[in-house]
Every structure is written in C-alpha cells, then in structure tokens.
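In: Pasting a predicted model and its sequence here:
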Amino acid sequence: MAEPTLVPGSPPLALLDDASPAVTADGYRAAVSRLPTGVTVITASGPEGPVGCTANAVMSLSLEPPSLLVSLGGRSATLERIRAAGSFAVNVLTWSDRALTRKFATGTAAERFAGVGWDLMHQVPVLSRSAAAMVCEVHELVPLFDHTLVVGTVTWAQAGEADPAVYYGNELRALRPVDLASGSEKRT
C-alpha cells in the first residue's frame, strides 16, 4: 500500500488494509464528523406559521441557474411543508446565533421560532440574523435512502458580514482566518 502524502505537521491517518471489516455506523459517523460543514436552518411557510429545521447537508449545486441542494430526513415536517409550498429558504447561522442549532433541532414549530426574528421574502420565512440567506423554488425532490434531496433554484440571496458557525468533529466551531504564507491566525 502506498504511503499517504501528508500536510507537514498533521498527524498520520492510521490506514487499514483491504482486509479490514465492513464500515460500521459508528465508524462512518467518526469519519464523516471530520468533514467540516456549514450550519443552516431550512425554513418554509406552513398553514399555521413558519416551520424550520437545522441542517448541515447543504451544498451549492450550480451557478447557471443558481441552485443548491439540501438533504432532509424523509419524515421531516419541514420537508412536508417544502413539498406543499414549493419553496424554502436556507439560512446560514452565524457564530453568535449558534444556539439556534439546537433550538431548530427540537420542539414544535412554534417553539423553534419563539423569540427568533424573521421576515417573509418571496412568501418564505427568512431568519433576520443570518450570515447568508437564500430563498429557493423547488426544482426537484429526490428520495434517496432515508433522506430526500431537495434541489432548489435560488430566487433571492443576501450575504451578511458575520462569521458563520461550522460543525466539525461533532461540535460547533468558529472560523478563524489564517495567513496562508505563515500559518498564523490573522488579526481582524
């Protein structure tokens, strides 16, 4: 087996040989936890008010047309509202609003939005204090395994100045700008 090429100063990855056992749920969770992701709240309009949930499986899909992809659990109440409404928003959480990660992962829709500022943009609730927000029309819903991929065409977008929250290693983290030449943290 070839030796891996490592970034200087990084610890080596303990590689297993081809005879290693099949991937376990715990092994997969441990590996994928090393993939940094943004932290978002996906919102949609419902007949009794706004609905939303925390999601970190979100990615830009295309510039032409501007589009993105969100992966939601197949039994998500937010997914059902997105399916009915035909539109949704992706709200990128700021580091200062990282507590919304847990708030939008538990409780009822009313509890999730209690005390949280939001406005309607194109008839979709958008959180008032996001690092960025994008409103999308549903282009396609693709059921896959225990999730549904929601492909959306972006109809409105706005970026703020605040630093986003990042999920890495099973915890929320703040981004720190680093000078690439020296490797030291930049002062802001």
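Out: Great, that's in hand. Numbering: from 1, shown residues only.

In: With just CA atoms, put the longest strand anywhere in the chain into CSV.
Out: Counting by DSSP state E, the longest strand found in the chain is strand 130-144. Taking C-alpha atoms only, strand 130-144 is exported to CSV below (Å, rounded to 0.1, in the frame of the first residue of the first chain):
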residue,chain,number,x,y,z
SER,A,130,-28.1,35.1,9.2
ALA,A,131,-24.6,35.0,7.8
ALA,A,132,-26.3,34.5,4.4
ALA,A,133,-29.8,33.5,3.3
MET,A,134,-31.2,32.1,0.0
VAL,A,135,-34.8,31.6,-1.0
CYS,A,136,-35.4,28.8,-3.5
GLU,A,137,-38.2,27.4,-5.6
VAL,A,138,-38.2,23.6,-5.5
HIS,A,139,-36.9,22.2,-8.8
GLU,A,140,-36.9,18.5,-7.8
LEU,A,141,-37.3,16.2,-4.8
VAL,A,142,-35.3,13.0,-4.9
PRO,A,143,-36.0,10.4,-2.3
LEU,A,144,-32.7,8.6,-1.6
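
In: and that strand, which strands flank it?
Out: In the sheet, strand 130-144 lines up against strand 87-93 (antiparallel), strand 147-159 (antiparallel) (DSSP bridges).

In: packing partners for the helix or strand hosting Gly27?
Out: Using DSSP states H and E, Gly27 maps to helix 25-32. If contacts are counted by 3 or more C-beta pairs under 8 Å, 6 or more residues apart in numbering; DSSP states H and E, helix 25-32 sits against no helix or strand. From N, CA and C alone the C-beta is placed, and that goes for glycine too.

In: one step back: most packed of the strands paired with strand 130-144?
Out: strand 87-93 (a mean of 26; mean count of other C-beta atoms under 10 Å).

In: average pLDDT for that strand?
Out: On average, the pLDDT along strand 87-93 is 98.

In: all numbers from here: first residue = 47
Out: Renumbered: residue one is now 47, and that last one reads strand 133-139.
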